[in-house]
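Peer 1: what follows is a predicted structure for the sequence shown.
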Amino acid sequence: KDLGTSLAAVLTSVFSSAARSLNLEVIRDLLEHPHEGVQHLGATLLLAHDVRPRDLPPELLASAMLSAHPSVRAMGVRLFGELPDTTLIEREAVLVELCANPHAEVRQAVRPIVGRLSRSYPPFARTLLLSLLERLIAPEPQEGLHAELVALIRAELQSSLHGLELPPIWTLLHAESTVVQELGGSLLGNVDASGLELWRIAKLTSHDVLSVRQASWGMLRENISRLKADMSATALVLDATWDDSRAFAFEF
């Protein structure tokens, strides 16, 4: 890799004009070479090339993004991010795969792309959010991946979380991962609970995640008239599994 980095620095500075117009077949050969340094050189030349990603053969981008070497994969994602926003929006499935990629450098490289698109295209951001939520309720393929996806959602898709309907939030509350449940709990407080069965709200007071229990207490406070008409739900809260929920119930 060090040799590839050194060669790239020479070619893109001393021979910058020639490097920018280098035959793409040469770069293809570099990217297909098994040695990391050679692939790194190819990706660097591609980043500096006069031909920008929108006009590059798709297989060149794929070759960089699917490289076995971290530095090359990261540069491949950077190139992918240079595609026109309209093209990126059409490749929502690819963005989801990059966000949930098993390689950390790929996930980090795609975050600013997601943030840019989210700010510029709110409807697309909501679509992407729902797709990522589906990844969160599935079994975690790699330890820490759900936590990183939640961090990405909170940082880059925060505005799309507002107004999220109850069904996806409810699913998050019953996911396997605690960090996913916590995300659901933080969203639960913004939900109109008037259409939610009282026994479901009462059941949430026994949830293992504190933010979920706290959200359920708020829902109960907002539905006093309904609880007076159905005291059986109130009794469920008195029998909650957590001390804090039972203390809330006695006072309530």
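Peer 2: Thanks, I have it.
Peer 1: which stretches in the stretch 101-250 of the chain count as helices?
Peer 2: Secondary structure of the stretch 101-250 of the chain (DSSP state H, counting those that start in this stretch): helices at 104-120, 122-137, 145-156, 158-161, 166-173, 178-188, 198-204, 210-221, 224-229, 231-238, 243-251.
Peer 1: quick check: closest non-adjacent residue to Leu46.
Peer 2: Leaving aside its sequence neighbours, Leu46 sits nearest to Ile27 (CB to CB, 6 or more residues apart in numbering; 5.5 Å). Quick note: C-beta positions are derived from backbone N, CA and C, even for glycine.
Peer 1: picking up where we left off before, now mean pLDDT, mean neighbour count and distance to Val94 too, for the helices of the stretch 101-250 of the chain, in TSV please.
Peer 2: Putting those into TSV (pLDDT from 0 to 100; neighbours: other CB atoms under 10 Å; distance: least, CB to CB, whole Å) gives the following:
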stretch	mean pLDDT	mean neighbour count	distance to Val94
helix 104-120	94	18	9
helix 122-137	95	18	11
helix 145-156	96	18	16
helix 158-161	91	16	19
helix 166-173	89	17	22
helix 178-188	92	21	23
helix 198-204	90	20	36
helix 210-221	92	20	33
helix 224-229	88	12	46
helix 231-238	85	15	46
helix 243-251	94	14	43
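Peer 1: out of the ones you listed, which comes closest to Ala9?
Peer 2: Of all the helices of the stretch 101-250 of the chain, helix 104-120 sits nearest to Ala9, with 20.5 Å by CB to CB.
Peer 1: got the angle for that closest one vs helix 145-156?
Peer 2: Orientation note: helix 104-120 sits at an angle of 30 degrees relative to helix 145-156 (axes from the mean of the first three to the mean of the last three CA atoms, to 10 degrees).
Peer 1: which residues sit against helix 104-120?
Peer 2: Residues from elsewhere that reach helix 104-120 (CB atoms under 8 Å, 6 or more residues apart in numbering): 65, 70-71, 73-74, 77-78, 80-81, 85, 88-89, 95, 98-101, 124-125, 128, 148, 152, 155-157, 159-160.
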